[in-house]
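[1] predicted model and sequence below, questions to follow.
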Amino acid sequence: MVKLNELHDNPGATKKRMRIGRGPGSGKGKMGGRGIKGQKSRSGVAIKGYEGGQMPLYQRLPKRGFNARNPKHYAVVNLGLIQKFIDAGKLGSEITETELVDCGLIRRKRDGIRVLSKGEITTAIKLSVTGASKSAIEAVEKAGGTLTVAAPKAAAAE
């Protein structure tokens, strides 16, 4: 039978920790193995990403793709939510971007409003927005309505 007071680790499983900076007899006294002066001898310093002369990981990895400097950020709205607001009487049959903001469906237009097809639309509506997915256009037309995609105002001015 094993007794709790007789439990112990296997020999060599644990090792006493090195007490750094506790005098010359400890083997890691005075400067505690940090050397003399310099950034690395100070406390609270970690040189992020530095690998001691080896090419750092973030530079070894290949750089792929393209990141636009000024990408367009669209406000996204789903057809199911539009139908919900129509059923609640907050939206009519003719819907524009300003009406979507005024009724509280989206907070702000950003670079335009993009309609996605999540959810179902049963009402025949006339919707004009900046962008829409193909499946959203098909869903609106299937319900007997029209979805027109207008060019954003910033791009139309140029």
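    That came in fine, so what should we check first?

[2] quick one: contacts for the closest residue to Tyr74 other than its chain neighbours?
    Nearest residue to Tyr74, sequence neighbours excluded (C-beta to C-beta, 6 or more residues apart in numbering): Arg114, at 4.1 Å. Any C-beta I mention is one placed from the backbone N, CA and C, and that applies to glycine too. Applying C-beta atoms under 8 Å, 6 or more residues apart in numbering, we find Arg114 in contact with Tyr74, Ala75, Val76, Val77, Val129, Thr130, Gly131, Ala132, Ser133.

[3] one more time with 10 Å
    Applying C-beta atoms under 10 Å, 6 or more residues apart in numbering, we find Arg114 in contact with Lys72, Tyr74, Ala75, Val76, Val77, Val129, Thr130, Gly131, Ala132, Ser133, Ala136, Val149.

[4] Ser128 too?
    Neighbours of Ser128 in contact, by C-beta under 10 Å, 6+ apart: Glu94, Ile95, Thr96, Glu97, Glu99, Ile113, Thr146, Leu147, Thr148, Val149, Ala150.

[5] low pLDDT regions in the chain?
    Applying pLDDT under 70 to the chain flags residues 152-158.

[6] show me where it has its helices.
    In chain order, the chain shows helices spanning 57-60, 79-87, 97-102, 134-142, 153-157, with DSSP state H as the criterion.

[7] quick one: closest of those helices to Arg19.
    Distance to Arg19, taken as C-beta to C-beta, is lowest for helix 57-60 among these, at 33.2 Å.

[8] what does the closest one contact?
    The contact list for helix 57-60 (C-beta under 10 Å, 6+ apart) reads Lys48, Gly49, Glu51, Gln54.

[9] got CSV for the helices of the chain, with mean neighbour count and distance to Lys37 too?
    Converted to CSV, the helices of the chain look like this (neighbours: other C-beta atoms under 10 Å; distance: least, C-beta to C-beta, whole Å):
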stretch, mean neighbour count, distance to Lys37
helix 57-60, 10, 28
helix 79-87, 18, 63
helix 97-102, 16, 61
helix 134-142, 16, 65
helix 153-157, 10, 56
